[in-house]
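> Return a 3D structure for these sequence lines:
(chains A and B)
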Protein chains: 2
Amino acid sequence: MKLNKRSSQPLYAQLKDLLQERIESGFYGAGEQIPSEQVLCKELDLSRPTVRQAIAELVSEGYLEIIKGKGTFVAAEPSKTEIRGFSPFTFSLLAARQLEDFQNLTIERVQGDAEKDQIFELSEGAGHPGYWSIRWQMAGEDGTLAVCHSLVPIYMFPELAADLEAERRMIDITANKYAYLPQKASARLMVRTATRQETESLEMDRLSQLLIVQSKLKSRSGNCCEYVTSMMRSDAVILAMDAGRS
Amino acid sequence: MKLNKRSSQPLYAQLKDLLQERIESGFYGAGEQIPSEQVLCKELDLSRPTVRQAIAELVSEGYLEIIKGKGTFVAAEPSKTEIRGFSPFTFSLLAARQLEDFQNLTIERVQGDAEKDQIFELSEGAGHPGYWSIRWQMAGEDGTLAVCHSLVPIYMFPELAADLEAERRMIDITANKYAYLPQKASARLMVRTATRQETESLEMDRLSQLLIVQSKLKSRSGNCCEYVTSMMRSDAVILAMDAGRS
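Numbering: from 1, shown residues only, chains lettered A, B, ... in the order given. Coordinates of the predicted model:
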């Protein structure tokens, strides 16, 4: 088979399509080594940079993996972790029963600003003591699955930093805080390209797409008590959810 | 600024990082034209194929867009459509109230096989009349948002093809079918790279990641009555959901 050198589609793009087809059809199986650049050049009468570019794009898209000193291989399907019972409450700190899965948790005090105050419907400026900014990671078997970031109004949980540093249990932290605990939640779920920093903290080497859940949690009093964003490795996570209706 | 020619990281990858940084920092703003290949070659003392490869990867990842005869531009943020009240029932045909949003709907009869029969917990082989295989599209303002595929056991809805072809209303199609209508649903939500065929039917030109919802719907009788897969453009869709707890 030869590619069409007179096509308006660049040769590297044609080769990429061809290789992708061969991967999808299983002609090159998962984990299998594909022919070397030289062999592809000969087989298809192409120049080295053309072949290199097609392969580089397929590597960056996660179809192929280069193993140094060995060659280029069809990527194995990454193992995926299923997060069961997913709901808009899933990544909430305040709705958590225990903090064992909240790894590398850090908490710091941040000031209110127009954006945060709008989310929490608090009046702008110095009228309230600001927010707790809490960051943590969720780990799976093969490394970090998600990085999470939560905002909690300080006026609702003034002792939260001290409580977390003292490793108090959630059941104690939230005791007598009934009016401020999440009762309703709305979430937005979307996919976007990771920034370089996110790619690093999630140890993503191949796919660079994040599955993002942004949840706004409201307490019994109707006030927003937490705003949490979870940025998940889209190549490693499946969200599983159940629902019923009467 | 010069790149490090002695680094183990290829020059095109260094350039890619640099350009990505300039885009993320807003140094090159959304919709703005970036310098031509020639100018980048000169500025950074690089060869043309190096610059071309970095740009090609950023184009394929959706950071940049090439407009023929004009140049290379920072991609504008695509407008996203919010699907509200998302739940595991959202993409079900049987749970739909009306079929107005089910565009280009086709229905055909398919035989049972081991995989389908396992999903529906039906005994393998010729013991039942097979499944309706129904395909449709969901359109947004800027084109197709999702392609959907549903399987429904023929024994539950023997007249479904005739009913849909006659454009009967769902309320009539499902009348007296109470025992077979979805009452519980479980869904799996994941992200994967689109195949070439999916990229074409979704008219995706840039990002090639799909946001996928796979829902298994069970009727009051406990039997699986529908298995629906929705493949959404991850660059165009936001799923919004609400939840409460007592």
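> Show me what counts as buried in the helix or strand bottoming out on mean pLDDT in chain A.
The weakest-scoring helix or strand in chain A, judged by mean pLDDT, DSSP states H and E, is helix A:196-201 (a mean of 78). For helix A:196-201, the neighbour count (16 or more other Cβ atoms under 10 Å in any protein chain shown) marks A:198-199 as buried. Using the backbone N, CA and C atoms, a C-beta is placed for each residue, glycine as well.
> can you give me the strands in chain A?
Using DSSP state E, the strands of chain A run over A:64-67, A:71-74, A:81-83, A:103-110, A:131-140, A:143-153, A:182-193, A:209-219, A:224-233, A:237-244.
> do the third one and chain B meet at all?
Okay, so that is strand A:81-83. Yes. Using Cβ under 8 Å from any Cβ of the partner chain, strand A:81-83 reaches chain B at A:E82.
> who does that strand touch, helix- and strand-wise?
On a contact count with 3 or more Cβ pairs under 8 Å, 6 or more residues apart in numbering or on different chains; DSSP states H and E, strand A:81-83 meets strand A:237-244.
> Just give the strands next to the strand it packs on in its sheet, each with its orientation.
strand A:81-83 (parallel), strand B:182-193 (antiparallel) (DSSP bridges).
> now the least confident helix or strand of chain A: how far from the chain's centre is it?
Mean-position distance between helix A:196-201 and its chain equals 10 Å (Cα atoms, centre = their mean, to the nearest Å).
> any idea how far A:L189 is from A:S7?
Going from A:S7 to A:L189 by Cβ to Cβ, to the nearest Å gives 39 Å.
> before we move on, back to that, between the strands of chain A, which gets the lowest average pLDDT?
When the strands of chain A are compared by mean pLDDT, strand A:64-67 comes last with a mean of 89.
> Contacts for the least confident helix or strand of chain A, please.
With Cβ atoms under 8 Å, 6 or more residues apart in numbering or on different chains as the contact definition, helix A:196-201 has outside contacts at A:137, A:144, A:147, A:204, A:208, A:210, A:231, B:17, B:20-21, B:24.
> Select, out of the strands of chain A, the one closest to B:L164.
strand A:237-244 (25.3 Å; Cβ to Cβ).
> That closest one to strand A:143-153, inter-axis angle?
60 degrees (axes from the mean of the first three to the mean of the last three Cα atoms, to 10 degrees).
> Could you tell me which residues within strand A:237-244 count as buried?
Quick answer for strand A:237-244 (16+ other Cβ under 10 Å): A:237-241, A:243.
> can you list the domain ranges for chain A.
A:11-74, A:81-239 (automatic domain parsing).
> Can you spell out which residues form a bridge with A:E226?
A:L217.
> Does it touch A:A187 like I think?
No. Applying Cβ atoms under 8 Å as the test, A:E226 and A:A187 come out as separate, 11.9 Å apart.
> Neighbour count for these two, which is higher?
Neighbour tally, A:E226 and A:A187, criterion other Cβ atoms under 10 Å in any protein chain shown: the higher count belongs to A:E226, 29 against 24.
> contacting residues for that one?
When the contact criterion is Cβ under 8 Å, 6+ apart, the partners of A:E226 are A:92-95, A:150-152, A:182, A:215-217.
> With A:T229 instead?
A:91, A:148-150, A:212-215.
> Give me the buried subset of those.
If we count by 16+ other Cβ under 10 Å, the contacts of A:T229 have these buried: A:91, A:148, A:150, A:212-215.
> so which of these comes closest to B:I107?
Proximity of the buried ones among the contacts of A:T229 to B:I107 (Cβ to Cβ) peaks at A:V213, which lies at 34.3 Å.
> excluding its backbone neighbours, what's nearest the closest one?
A:S230 (4.7 Å; Cβ to Cβ, 6 or more residues apart in numbering or on different chains).
> So the one you found is in contact with A:C148, correct?
Yes. Counting by Cβ under 8 Å, A:S230 does reach A:C148; the two are 4.7 Å apart.
> what residues are shared contacts of those two?
By Cβ under 8 Å, 6+ apart, the residues touching both A:S230 and A:C148 are A:91, A:138.
> of all the buried ones among the contacts of A:T229, which comes closest to B:S221?
A:V213 (33.5 Å).
> ok, the closest one to A:M241 distance?
In terms of Cβ to Cβ, A:V213 sits 11 Å off from A:M241.
> just A:D101 next, same as before
A:D101 is 18 Å from A:M241, by Cβ to Cβ.
> Stretch A:87-105: how far from the chain's middle?
Centroid separation between stretch A:87-105 and its chain, computed with Cα atoms, centre = their mean, is 16 Å.
> can you pull the buried residues of that stretch?
Judged by neighbour count (16+ other Cβ under 10 Å), stretch A:87-105 contains these buried residues: A:87-96, A:99, A:102.
> give me the subset of those touching chain B.
A:87-89.
> which residues sit against stretch A:21-28?
Against stretch A:21-28 from outside (Cβ under 8 Å, 6+ apart): A:19, A:34, A:58, A:63-64, A:74, B:195-196.
> Narrow these to those that are buried.
A:19, A:34, A:58, A:63-64, A:74, B:195.
> Farthest-apart pair in those residues, please.
Across the buried ones among the contacts of stretch A:21-28 (Cβ to Cβ), the longest gap, 18.1 Å, separates A:I34 and B:T195.
> Let me have the strands paired with strand A:237-244 in CSV, extended by distance to B:T174.
Putting those into CSV (distance: least, Cβ to Cβ, whole Å) gives the following:
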stretch, distance to B:T174
strand A:81-83, 32
strand B:182-193, 10
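> Find the nearest non-adjacent residue to A:G140, please.
Per Cβ to Cβ, 6+ apart, closest to A:G140 is A:T81, 4.3 Å.
> Report the contact partners of that neighbour.
A:140-141, A:145, A:236-238 are the contacts of A:T81 under Cβ under 8 Å, 6+ apart.
> Let me know the closest of these to chain B.
A:I238 (4.6 Å; Cβ to the nearest Cβ).
> Which strand residues bridge that closest one?
Bridge pairing for A:I238 - DSSP bridges - gives A:E82.
> same check, this time on A:Y131
What pairs with A:Y131, by the bridge criterion (DSSP bridges), is A:V110, A:P153.
> ok, it - contacts?
So A:Y131 contacts A:109-112, A:116, A:120, A:151-154 (Cβ under 8 Å, 6+ apart).
> now swap in A:L40 and tell me
A:15, A:34, A:46, A:51.
> Quick check: chain neighbours aside, which residue is closest to A:Q111?
A:Q111 sits nearest to A:G130 (Cβ to Cβ, 6+ apart), 4.7 Å away.
> Can you report how many residues neighbour that neighbour?
Considering only other Cβ under 10 Å, A:G130 is surrounded by 18 other residues.
> doesn't A:E108 make contact with it?
No. Counting by Cβ under 8 Å, A:E108 is not a contact partner of A:G130; they are 10.2 Å apart.
> so how many other residues sit close to A:R6?
4.
> so who does A:Y12 touch?
A:49-51, A:53-54, A:57, B:56.
> That one and B:S186, how far apart?
Taking Cβ to Cβ, one finds A:Y12 at 43 Å from B:S186.
> which neighbours do A:E226 and A:A187 share?
Shared contacts of A:E226 and A:A187, defined by Cβ under 8 Å, 6+ apart, comprise A:215-216.
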